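*Asks:* Need a 3D model of the following:
(one chain, ligands or ions: 2)
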Amino acid sequence: MKDKYILALDQGTTSSRAILFDRQGNIVYSAQKEFRQIYPQPGWVEHDPQEIWSSQVSVAAEAAASVGLHNNAIAAIGITNQRETTIVWDRRTGKAIYNAIVWQDRRTASFCDALKGRGLAEKIREKTGLLVDPYFSGSKIRWILDNVDGAQQLADQGNLAFGTVDTWLVWNMTSGKLHITDVSNASRTMLFNIHTLDWDDELLDIIGVPRSMLPTVKSSSEVYGNTEKIAFGAVIPIAGIAGDQHSALFGQMCTAPGMVKNTYGTGCFMMMNTGTKPIISKNNLLTTVAWKIGDEVHYALEGSIFIGGAVVQWLRDGLGLIQTSAEVENLAGSVKDTDGVYLVPAFAGLGAPHWNPHARGTIFGITRGTTSAHYARAALDSIAYQTMDVLQAMEADSGIVISELRVDGGATANNLLMQFQSDILGVDVVRPKVTETTALGAAYLAGLAVGYWSSTDDVRGQWQLDRRFHSEMPAAEVKANIKGWRRAIVAAVSWANDDA
Ligand SMILES: Nc1ncnc2c1ncn2[C@@H]1O[C@H](COP(=O)(O)OP(=O)(O)O)[C@@H](O)[C@H]1O
Ligand SMILES: O=P(O)(O)OC[C@H](O)CO
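*Replies:* Ligands and ions are numbered 1, 2, ... in the order given. Below you'll find the model as predicted:
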């Protein structure tokens, strides 16, 4: 298998990517295609399942063609995907009966409130590791069964299939031969028991989802089957599947308990490997299955921040202060600090660890001397402060003092942000050379299954440092900054309460 490659398919919220990796974990070719975001009503977000498939298959074909699709040049395919996004289709035709309901979609908030009202939150958290929230797939499936004509009847007849995006891609790549998912994606549905590693009959009953709709749950690294030539253009083993944040944790080689990564994309997603036992959070974090390789299951704690790099997009598109996201570094760096300005970017409520859907974006401490540069600096700082809130919750839940944070995602290009992150956390922030860690993780999972790499130890050595940021800020300054952020959070939450 001398000149073979691994093809990683990274199906994200706004684009589909296909990246070819070589045996040293280097990127050989990368292709990317954006697709439509559909907003039928405020708070609703949908994708066309057909566009998810066609964008993914076209970039896969482009990447595969770069090394000669018909030369058996690709040893295996690994899939990683936006999580929780829900697709329901008719098994007989392979046609989706409704658009994909995206993880950001809030339409099932009242259904979730009703579950909480019935006192089910603790049971659900105990079994699934999740908070009751529209974020997860279960309530989205229920919505489709309740709102698409004839759906419930089709489900009762066993004609409907549900899948997260990994499942949908595999179904299409195998012309409907495989209806599978992996443990990491299953653990984001609110239907999966993370202790028994099976769909939970009691939860299926509570949420009203027939077991016949659900995919078979597999490990994250095994040969599930082959792509069909007619659907995919070539016959290639599909050998790895993991949700994108789980895949990034693996790609960052956070394979030992206590290792943490934070991905700074549109949102920020921090995950800590907690080893082979789940930790149920007391601080509003999620417990999730990191991956299963062979018989070994790893669990993780996760904190999801809804607005990360998106606050920079707002400076660019909403305020017009910058032309490109990258420009924020120069603008913010033109002042020495925010001069007391705090920005809480709760544009869509606050995620972990606050979980307040009513909070809204707020800016405090403006004076006559405040400039656009202070806004830019406060926006960057807000990403770092939100990360700090999650990291502290993780330390409290795990009892582990974190000494190093591995980072990836688009906003980690920003050195000012990374330095401030290290200053405010008091830990080293560590940026690898390959920041496409999500795709790399999926490639590793697939390559391990087919013997392209022999063991996790074999790939661990491929992780290479780009830059390590050490904390430099004097302790008193750190303390004063954090105190201001805490006041800003309290004020943002209070602002949302119109009785206050
Ligand atoms: N130099 C930068 N400084 C701060 N934010 C940045 C920078 N470059 C990109 N971003 C932000 O990073 C995000 C894109 O990162 P990416 O990892 O591609 O996200 P996603 O996978 O969620 O689409 C955008 O929100 C963008 O504003
Ligand atoms: O597609 P991304 O990278 O924004 O990730 C989305 C997450 O998986 C949602 O839980």
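*Asks:* show me what contacts the residue in the stretch 51-200 of the chain that ligand 1 sits nearest to?
*Replies:* Taking C-beta to the nearest ligand atom as the measure, the stretch 51-200 of the chain has residue 82 as its residue closest to ligand 1, at 8.9 Å. Where you see a C-beta, it was placed from the backbone N, CA and C, and this is true even at glycine. Residues in contact with residue 82 (C-beta atoms under 8 Å, 6 or more residues apart in numbering) are 11-13, 102-103, 165, 244.
*Asks:* Mind checking which of these are in helices?
*Replies:* With helices taken from DSSP state H, the overlap with the contacts of residue 82 comprises 165, 244.
*Asks:* how about JSON lines for the contacts of residue 82, with distance to residue 275 added?
*Replies:* Converted to JSON lines, the contacts of residue 82 look like this (distance: C-beta to C-beta, whole Å):
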{"residue": "11", "distance to residue 275": "28"}
{"residue": "12", "distance to residue 275": "28"}
{"residue": "13", "distance to residue 275": "29"}
{"residue": "102", "distance to residue 275": "32"}
{"residue": "103", "distance to residue 275": "26"}
{"residue": "165", "distance to residue 275": "28"}
{"residue": "244", "distance to residue 275": "21"}
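*Asks:* Show me which pair in the contacts of residue 82 is furthest apart.
*Replies:* Pairwise distances across the contacts of residue 82 peak at 13.4 Å for 102 and 244 (criterion: C-beta to C-beta).
*Asks:* neighbour count winner among these two?
*Replies:* For residue 102 versus residue 244, neighbours defined as other C-beta atoms under 10 Å are more numerous around residue 244 (28 against 20).
*Asks:* so the more buried one touches residue 84, yeah?
*Replies:* No - in this structure, residue 244 is not within contact of residue 84 by C-beta atoms under 8 Å, at 10.7 Å.
*Asks:* how about the residues of this structure that lie near ligand 2?
*Replies:* By C-beta under 6 Å from any ligand atom, the residues of the chain that approach ligand 2 are 12-13, 82-84, 103, 243-245, 265-266.
*Asks:* which among these end up buried?
*Replies:* For these, a burial check counting by 16 or more other C-beta atoms under 10 Å picks out 12-13, 82-84, 103, 243-245, 265-266.
*Asks:* For the stretch 201-350 of the chain, give me the ranges with low pLDDT.
*Replies:* Judged against pLDDT under 70, the stretch 201-350 of the chain has no low-scoring part.
*Asks:* same check, this time on the chain
*Replies:* 1-3, 69-71, 498-500.
*Asks:* The residue located most distally from the centre of it and residue 97, how far apart?
*Replies:* Here the centre of the chain is the reference, and by C-alpha atoms, centre = their mean the most remote residue is residue 368, at 39.8 Å. In this view, residue 368 and residue 97 are 58 Å apart by C-beta to C-beta, to the nearest Å.
*Asks:* Kindly report the same for residue 418.
*Replies:* Distance from residue 418 to residue 97, by C-beta to C-beta: 45 Å.
*Asks:* And for residue 321?
*Replies:* 44 Å.
*Asks:* ditto for residue 48
*Replies:* Distance, residue 48 to residue 97, using C-beta to C-beta: 13 Å.
*Asks:* out of those two, which sits in the more crowded spot?
*Replies:* More crowded of residue 48 and residue 97, by other C-beta under 10 Å: residue 97, with 21 against 15.
*Asks:* which residues does that one contact?
*Replies:* When contacts are counted by C-beta under 8 Å, 6+ apart, residue 97 is found next to 88-90, 144, 148, 151, 154, 160.
*Asks:* How far away from the center of its chain is the top helix by length along the chain?
*Replies:* Identified as the longest helix of the chain according to DSSP H is helix 372-398. For helix 372-398, the gap between its own C-alpha mean and the chain's C-alpha mean amounts to 18 Å (C-alpha atoms, centre = their mean, to the nearest Å).
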